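Peer 1: Fold the following for me, if possible:
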Amino acid sequence: MLKKSAGQLKFEELRSQYPYLEYKGYEAVVQAGSLRVIYNFSLSGKHDFHPSFNIPARKFFVRTIDESMLKTPEFDSLIFHIGMIELVSYWKSACPPKVLIRQHSLDQQQVNWWKKVYYNGLGEFFYTNGISTTISDFMEIESEGKPVEHFGVQLSDSVIVPVGGGKDSIVTLEMLRNEFSIRPFILNPRGATLETVFTAKFGRNDIIEVNRTIDPELLRLNEQGYLNGHTPFSAMLAFYSLLVSWLSGIRNIALSNESSANESTVKGVNVNHQYSKSYEFEKDFREYTASYLSADFNYFSFLRPLNELQIAGLFADQVRYYPVFKSCNVGSKTDTWCGSCAKCLFAWIILSPFIPPDELVHIFGKNLYEDPQLIGFLKQLTGVDDVKPFECVGTIDEVNAALMMYIRKLRGKWPVLPDYYSNTNKFNEYGSFHTESLLKQFNEEHFLEKEFLDIIQRRLSCKNW
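Peer 2: Take a look at the predicted model:
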């Protein structure tokens, strides 16, 4: 009999202590013209959680934030669904075997859909905690009340662009801004996200923002040793984006998720850190939205036809954003690149064929190719190890191709990391044909309407790699 991991034992212990998580409902209030929503969750009656969010009013909103808006079935459906995805952060603290939904009833297709989102979105959480479970066993969902209402809504052909502060959303922003009227959208504004939109010449009142808070009780439980780990943030962003689409009257929601997000993080196992950025989730989400909310929303990833290598080449043209873009999770609170994590190394590698080394040093604060402490991350990123970093990084092929492109440009002594790379078998696997095929690649699995597809194809046709 195999010995159970510490995480598995904790999982089973907590599930016996906490048999259910209850979604009791929400309260929505208008404060100085802004919307505030507070959710009411209970972990088996022993711990209550009240996460909340606030949306400041904007003059360009087509729906006035007032008491009458709060009473509409459209508002209720959208807010209820945000609560369903917020719930996942609180479920994972004790992984109760049952989830009780009190406000609305879900049909079997909805139950199956939500179980898939939770299970796959928590794939990394289960893996890193050493938890073994199945999609049929990990939870049951019971619900009561009236079904959520499907609705129609008149929306303009403008575009909402969620901005995360990294290179991808900058590429989307710049490629669309001359073709459409666009509105940047930021979930929990911070230094890099705000500086990105300011660099794009948008003022604070020109953007849509949502300020989301986590209940301190959850943080307290985490400190006490309850289960913790990665949750599907992009799935949360998806549901918030529907609400801001409805408020602003804008039909198109253009994400910046690329084809690279489809690759599993762990070889041979369906565990993907970027599951809620994947084409699979995007497809499922669009189908669910059309069936249970409204078919009038157009949620899609503008960069889905492209890979990380191509996006890096496109971003390299956006020199004015070099000082402001950030993708480092370690340095997110201080708005810096830490220079010591897998995300920083990936960003350096993927940009190195397109941006001169001295400019990269100016961006990152040091030459990451000269740091031998990063060799472990290099092994993960290039596929020498079986597990990629649990970060939003490109595919193994893309990383190897970027390194090969950089090495081909070098003259004289190679820095530490390319020298290590050149002495592995990876050096001989990625010739010029392989790298060129990635630069010419075009993923046909996407949901871009023709007018958006034409923009990308025109831009690629002008690009001399």
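
Peer 1: Compute the distance between residue 247 and residue 390, please.
Peer 2: For residue 247, the distance to residue 390 equals 34 Å [Cβ to Cβ, to the nearest Å]. The way it works is simple: take the backbone N, C-alpha and C, and place the C-beta from them, glycine included.

Peer 1: should've said residue 300
Peer 2: On the measure of Cβ to Cβ, residue 300 and residue 390 end up 26 Å apart.

Peer 1: After the least confident helix or strand in the chain by mean pLDDT, which helix or strand is next?
Peer 2: The weakest-scoring helix or strand in the chain, judged by mean pLDDT, DSSP states H and E, is helix 426-429 (a mean of 68). With elements assigned by DSSP states H and E, the helix or strand that comes after helix 426-429 is helix 432-440.

Peer 1: mind listing what the residue nearest to residue 447 when sequence neighbours are not counted touches?
Peer 2: In space, residue 447 comes closest to residue 300 once its chain neighbours are excluded; the distance is 4.1 Å by Cβ to Cβ, 6 or more residues apart in numbering. With contact taken as Cβ atoms under 8 Å, 6 or more residues apart in numbering, residue 300 is in contact with 252, 253, 254, 255, 282, 286, 446, 447, 448, 452.

Peer 1: Quick one: the strands in the protein, in order.
Peer 2: Assigned by DSSP state E, the chain shows strands spanning 20-31, 34-43, 47-49, 52-55, 98-101, 104-105, 140-143, 146-147, 156-162, 182-187, 208-213, 250-255, 298-301.

Peer 1: Tell me where the model's unsure across this protein.
Peer 2: 1-2, 261, 268-269, 411-413, 425-428, 430-433 (pLDDT under 70).

Peer 1: So which elements touch the helix ranked longest in it?
Peer 2: The longest helix of the chain (DSSP state H) is helix 73-91. Helix 73-91 sits against strand 20-31, strand 34-43, strand 98-101, helix 108-121, helix 233-248, with contacts defined as 3 or more Cβ pairs under 8 Å, 6 or more residues apart in numbering; DSSP states H and E.

Peer 1: picking that back up, now render the strands of the chain as JSON lines, adding distance to residue 419.
Peer 2: Below are those laid out as JSON lines (distance: least, Cβ to Cβ, whole Å):
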{"stretch": "strand 20-31", "distance to residue 419": "52"}
{"stretch": "strand 34-43", "distance to residue 419": "52"}
{"stretch": "strand 47-49", "distance to residue 419": "51"}
{"stretch": "strand 52-55", "distance to residue 419": "49"}
{"stretch": "strand 98-101", "distance to residue 419": "52"}
{"stretch": "strand 104-105", "distance to residue 419": "59"}
{"stretch": "strand 140-143", "distance to residue 419": "53"}
{"stretch": "strand 146-147", "distance to residue 419": "62"}
{"stretch": "strand 156-162", "distance to residue 419": "39"}
{"stretch": "strand 182-187", "distance to residue 419": "41"}
{"stretch": "strand 208-213", "distance to residue 419": "44"}
{"stretch": "strand 250-255", "distance to residue 419": "38"}
{"stretch": "strand 298-301", "distance to residue 419": "37"}
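
Peer 1: Can you tell me the closest non-neighbouring residue to residue 23?
Peer 2: Leaving out its chain neighbours, residue 23 is closest to residue 101 (Cβ to Cβ, 6+ apart), at 5.0 Å.

Peer 1: Run a quick check on the one you found versus residue 139, I expect a contact.
Peer 2: No. Using Cβ atoms under 8 Å, residue 101 makes no contact with residue 139, being 11.8 Å away.

Peer 1: More neighbours: which of those two?
Peer 2: Neighbour totals were compared for residue 101 and residue 139, and residue 101 leads with 24 against 20 (other Cβ atoms under 10 Å).

Peer 1: Tell me how far that one lies from residue 292.
Peer 2: 14 Å.

Peer 1: got it, and residue 190?
Peer 2: 32 Å.

Peer 1: what about the two, which has more around it?
Peer 2: Just comparing residue 190 and residue 292: by other Cβ under 10 Å the higher neighbour count belongs to residue 292, 18 against 15.

Peer 1: which residues touch that one?
Peer 2: 77, 110, 148, 150.

Peer 1: Just give the nearest non-adjacent residue to the last one, would you?
Peer 2: Once its chain neighbours are removed from consideration, residue 150 has its nearest residue in residue 292; the separation is 6.3 Å (Cβ to Cβ, 6+ apart).

Peer 1: Please apply the same query to the third one.
Peer 2: Closest residue in space to residue 148, ignoring its immediate chain neighbours: residue 77 at 4.5 Å, by Cβ to Cβ, 6+ apart.

Peer 1: Am I right that that neighbour is in contact with residue 147?
Peer 2: No. Between residue 77 and residue 147 there is no contact under Cβ under 8 Å: 9.6 Å.

Peer 1: Which parts of the stretch 251-400 of the chain are helices?
Peer 2: Counting by DSSP state H, counting those that start in this stretch, the stretch 251-400 of the chain has helices at residues 279-292, 308-315, 342-351, 357-364, 375-382, 396-409.

Peer 1: tell me the most buried of these?
Peer 2: Most buried of the helices of the stretch 251-400 of the chain, by mean neighbour count (mean count of other Cβ atoms under 10 Å): helix 342-351, with a mean of 26.

Peer 1: where does it sit relative to the chain's centre, distance-wise?
Peer 2: Between the centre of helix 342-351 and the centre of its chain there are 18 Å (Cα atoms, centre = their mean, to the nearest Å).

Peer 1: Assess the claim that residue 405 and residue 435 are in contact.
Peer 2: Yes. Counting by Cβ under 8 Å, residue 405 touches residue 435, with 5.5 Å between them.

Peer 1: What distance do you get for residue 252 to residue 258?
Peer 2: Applying Cβ to Cβ to residue 252 and residue 258 gives a distance of 18 Å.

Peer 1: likewise residue 264?
Peer 2: 15 Å.

Peer 1: hmm, back to that, got the helices of the stretch 251-400 of the chain as JSON lines, with distance to residue 442 columns?
Peer 2: Output for those, formatted as JSON lines (distance: least, Cβ to Cβ, whole Å):
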{"stretch": "helix 279-292", "distance to residue 442": "14"}
{"stretch": "helix 308-315", "distance to residue 442": "9"}
{"stretch": "helix 342-351", "distance to residue 442": "18"}
{"stretch": "helix 357-364", "distance to residue 442": "27"}
{"stretch": "helix 375-382", "distance to residue 442": "24"}
{"stretch": "helix 396-409", "distance to residue 442": "15"}
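
Peer 1: Residue 56: which of these is closest?
Peer 2: Checking these against residue 56 by Cβ to Cβ gives helix 279-292 as the closest, at 24.7 Å.

Peer 1: between that closest one and helix 108-121, how big is the angle?
Peer 2: 150 degrees (axes from the mean of the first three to the mean of the last three Cα atoms, to 10 degrees).

Peer 1: May I have the residues that are in contact with the residue nearest to residue 256 when sequence neighbours are not counted?
Peer 2: Excluding its sequence neighbours, the residue lying closest to residue 256 (Cβ to Cβ, 6+ apart) is residue 168, at 3.9 Å. Neighbour list for residue 168: 256, 257, 258, 303, 311, 315 [criterion: Cβ under 8 Å, 6+ apart].
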